[in-house]
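Colleague: sequence and predicted structure are below.
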2 protein chains.
Amino acid sequence: MRGLPVAPKNKATITDVARAAGVSTATAGRVLGGYGHTSEDKKEQVLKAAQSLGYRPNALARSLITGKTRTLGVVAGDIQSPFYASVLRGISNVAEANGFGLLITNSDEAQSKEVRSVELLAQKQVDGLIVTPSDTRKARHLHNLRAMGVPLVLIDRAVAGLMVDRVATDNIAAAEHAVRHLIAAGHRRIGIVAELVDEDGGGLAAFLDRAIAGDPIETETLYPSWQRLLGYVRAHRIEGLSVDPRLTLRAGSYSAQAAQAVVPSLMTAAEAPTALFTTDGTMSEGAMRALNELQISIPGDVSIICFDDLDWMSFHRPGITTISQPRLAMGEAAARMLLERIRGEEYPPRTVLMPAELIERGSVARL
Amino acid sequence: MRGLPVAPKNKATITDVARAAGVSTATAGRVLGGYGHTSEDKKEQVLKAAQSLGYRPNALARSLITGKTRTLGVVAGDIQSPFYASVLRGISNVAEANGFGLLITNSDEAQSKEVRSVELLAQKQVDGLIVTPSDTRKARHLHNLRAMGVPLVLIDRAVAGLMVDRVATDNIAAAEHAVRHLIAAGHRRIGIVAELVDEDGGGLAAFLDRAIAGDPIETETLYPSWQRLLGYVRAHRIEGLSVDPRLTLRAGSYSAQAAQAVVPSLMTAAEAPTALFTTDGTMSEGAMRALNELQISIPGDVSIICFDDLDWMSFHRPGITTISQPRLAMGEAAARMLLERIRGEEYPPRTVLMPAELIERGSVARL
DNA sequence: CTGAAAGCGCTTACAG
DNA sequence: CTGAAAGCGCTTACAG
């Protein structure tokens, strides 16, 4: 029991309003809650009483009965990164337009944190969830959600065997496009820097072997960075170029530091690449830091194509050629699909692949 | 009534668990809710029953009784901007560490949206609110909150007469520092580009007159961009320089576009400045875009000091000298203060001014 | 330690 | 159209 220094919060309830208006709680509830029918004069009395009491509905009580909270839960990797920040804004735009609140958590791409987030959101009874799954293979918590009938939409990644709506970028095509653009400009030794965490099927070397051989690869549940690597390999195959595994750089984690750490040895090697493809915004920033420290100039010493169109890329000198994915629209699409499911609309699980666009600026030299 | 294609969500309640375990709901509630005392064997029975039924507590029901939701509400300007994205991550860090959820909304710096956000969050019964107020003069909705005893912490801005905890940057000192740094480097004509929306007391000209004359100015509830302008003027006064109002650029809104639009006329004027001070991350990006399009080189043609240390500033060529404010730490501090209030700790309203730091890189030339 | 009962603030059949 | 009553899924005194 703590004494509040300011006014006691005398929250008025529907009972208080009903008493003040001289009607039943049912009638007060009907006008305040906007359901059922009420005569004009009662309506007026109730509204006046509510007004003077400063009545504010308690969404908790309503939700407990209706089973709906009008709240969406989101599990993002890191709301601080430009990718998630934009996606979240997209989600927020449509949530807000529909009167939904947004409960947001970070997973830091760790499934243990993701599981905790989902549990928290589920206990808070969100009407649906948007998640960027940390693990594309196993995700019992997400399958459980599905089994409980909780609407779920995935962004950026799929989960093996989880049949739910999903929005992502066509990463393979986008990467293939970027790398073919470099090849067309005359580049033959092209480095790629990607996260490539969570390898499966024997790691990077084995994956490259299969990709280079053109073996069938289950691409749906591949991580985006692996998909982009696959696009890189395919571009080489199409153009009749061989892939040098020494040019495939794995950062190993999702951070600019990791990318920055891995670039120097490649760029100072005997057979350094003439061009670099960095597979997302964070990898791009790490690579740019490394190139800057090495005093390697763009595109004089090395050409570069990045992924994600970040603000600085347009005013950097030279302008950075990049693959732009519509982050905001991805968030909006995901939220819209989720709301449809919440409304009870039924379709087979949908996969929306958003178009990624090559934006040419000045970071690619013709050889 | 819609048919679910998958398993019916047979959500188990505490009643179901109690029945399965052969105890009362009170006992089941005690072990599941972690309150009161229970014998070891009953505890075991209940836990086993809960496990096999896949019981998940309904936080709504608990909150309705306890009056606590363990949820924080946040009204940010735009979660997509680097400033808010970082602040939010800071808030999220401490919320999560304390088992709190986060309900996040955008105001787009418009009070009408802010009012709606606050109302939504209040109805959802958040335990406390962190807001970046859009209007520093009038904010009835925030005063109401305070009067209702809802814990409230302000970030970045104060509200006139609203005595609540607050965390911000010492904007005047930071701007003064930046501008004196330019003056020390020999610059005499220094342009400033700032938002400067919501003028009061007669607009920009009148404000400048008062600032230049050294008239007392109520600085607490000044908008950050006005505070930074004041620091700019003070630096001139201290260094014995006069202020040329033609060098004070008002973008008029919080967007890179607005900043970009306003720079060219200044830079192409007869008496163009030799240096620019951009007063936040967004203004900085807009100014950089404009300079890039005008082919004005840094620091050869013009020197620049920005505000907020954005990722690209370190690898841009030249490196960008900037005032860095600890955005993440600001969010963390705000959340920590809010949690203290929620716990019932009582202090007089606290204002935490975070230190801003000048990071010297290569964008300032010595004249 | 345990259970029966009341109640949080609403909405929802059910009568009238 | 209106009200008395029951109930959403929990927690909290209150007895035993």
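Modeller: Looks like it arrived, so ask away. Residues are numbered from 1 along each chain as shown, chains lettered A, B, ... in the order given.
Colleague: what parts of chain A come near DNA strand D?
Modeller: On the criterion CB under 7 Å from any atom of the strand, DNA strand D has as its neighbours in chain A the residues A:23-27, A:30, A:36-39, A:41-43, A:61, A:64-65. Every residue, glycine included, has its C-beta placed from N, CA and C.
Colleague: which one of those residues is nearest DNA strand D?
Modeller: A:H37 (2.3 Å; CB to the nearest atom of the strand).
Colleague: now that closest one: closest residue in space, sequence neighbours ignored.
Modeller: A:R30 (7.3 Å; CB to CB, 6 or more residues apart in numbering or on different chains).
Colleague: go ahead and confirm that neighbour touches A:G36.
Modeller: Yes. With contact defined as CB atoms under 8 Å, A:R30 counts as touching A:G36 (4.1 Å).
Colleague: with neighbour numbers in mind, choose between those two.
Modeller: A:R30 (18 against 10; other CB atoms under 10 Å in any protein chain shown).
Colleague: and the pLDDT for that one?
Modeller: If you check A:R30, the pLDDT there is 94.
Colleague: got the contact list for it?
Modeller: By CB atoms under 8 Å, 6 or more residues apart in numbering or on different chains, the residues touching A:R30 are A:G36, A:H37, A:T38.
Colleague: please redo it, this time with the cut-off set to 10 Å
Modeller: Counting by CB atoms under 10 Å, 6 or more residues apart in numbering or on different chains, A:R30 makes contact with A:V23, A:S24, A:G36, A:H37, A:T38, A:K42, A:K43, A:V46.
Colleague: if I look at it, how far off is A:K42?
Modeller: 9 Å (CB to CB, to the nearest Å).
Colleague: same question, A:M163
Modeller: A:M163 is 49 Å from A:K42, by CB to CB.
Colleague: ok, these two, which is more surrounded?
Modeller: A:K42 (17 against 12).
Colleague: ok, A:R62 touching A:G33?
Modeller: Yes. Using CB atoms under 10 Å, A:R62 makes contact with A:G33 at a distance of 7.1 Å.
Colleague: between the two, which one's more packed in?
Modeller: A count of neighbours by other CB under 10 Å puts A:R62 above the other of A:R62 and A:G33, at 16 against 12.
Colleague: tell me how far the more buried one lies from DNA strand C.
Modeller: 4 Å (CB to the nearest atom of the strand, to the nearest Å).
Colleague: quick one: A:A49 is in a helix?
Modeller: Yes. Under DSSP: H, G, I helix; E, B strand; the rest coil, A:A49 falls within a helix.
Colleague: count the neighbours of it for me.
Modeller: Applying other CB under 10 Å, I find that A:A49 has 22 neighbouring residues.
Colleague: repeat for the one 3 residues further on
Modeller: The number of residues packed near A:S52 is 12, by other CB under 10 Å.
Colleague: which strands and helices lie in contact with the helix or strand hosting it?
Modeller: Using DSSP states H and E, A:S52 sits in helix A:40-53. In terms of contacts (3 or more CB pairs under 10 Å, 6 or more residues apart in numbering or on different chains; DSSP states H and E), helix A:40-53 is packed against helix A:14-21, helix A:25-33.
Colleague: with respect to chain B, which of the residues of chain A next to DNA strand D is nearest?
Modeller: Taking CB to the nearest CB as the measure, chain B lies nearest A:L64 of those, at 4.9 Å.
Colleague: contacting residues around A:V17?
Modeller: By CB under 10 Å, 6+ apart, the neighbours of A:V17 are A:23, A:25, A:27-29, A:31-32, A:45-53, A:55.
Colleague: give me the buried entries from those.
Modeller: A:23, A:27-29, A:31-32, A:45-47, A:49-50, A:53, A:55 (16 or more other CB atoms under 10 Å in any protein chain shown).
Colleague: farthest-apart pair in those, please.
Modeller: The span of those, defined through CB to CB, is set by A:T27 and A:L53 at 15.6 Å.
Colleague: can you show me the helices along chain A?
Modeller: Secondary structure of chain A (DSSP state H): helices at A:14-21, A:25-33, A:40-53, A:59-66, A:82-97, A:111-123, A:140-147, A:171-184, A:203-213, A:224-238, A:256-267, A:281-293, A:312-315, A:327-342.
Colleague: re earlier: dump the helices and strands packed on helix A:40-53 into CSV; add distance to B:R366 as well.
Modeller: Below are the helices and strands packed on helix A:40-53 laid out as CSV (distance: least, CB to CB, whole Å):
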stretch, distance to B:R366
helix A:14-21, 70
helix A:25-33, 68
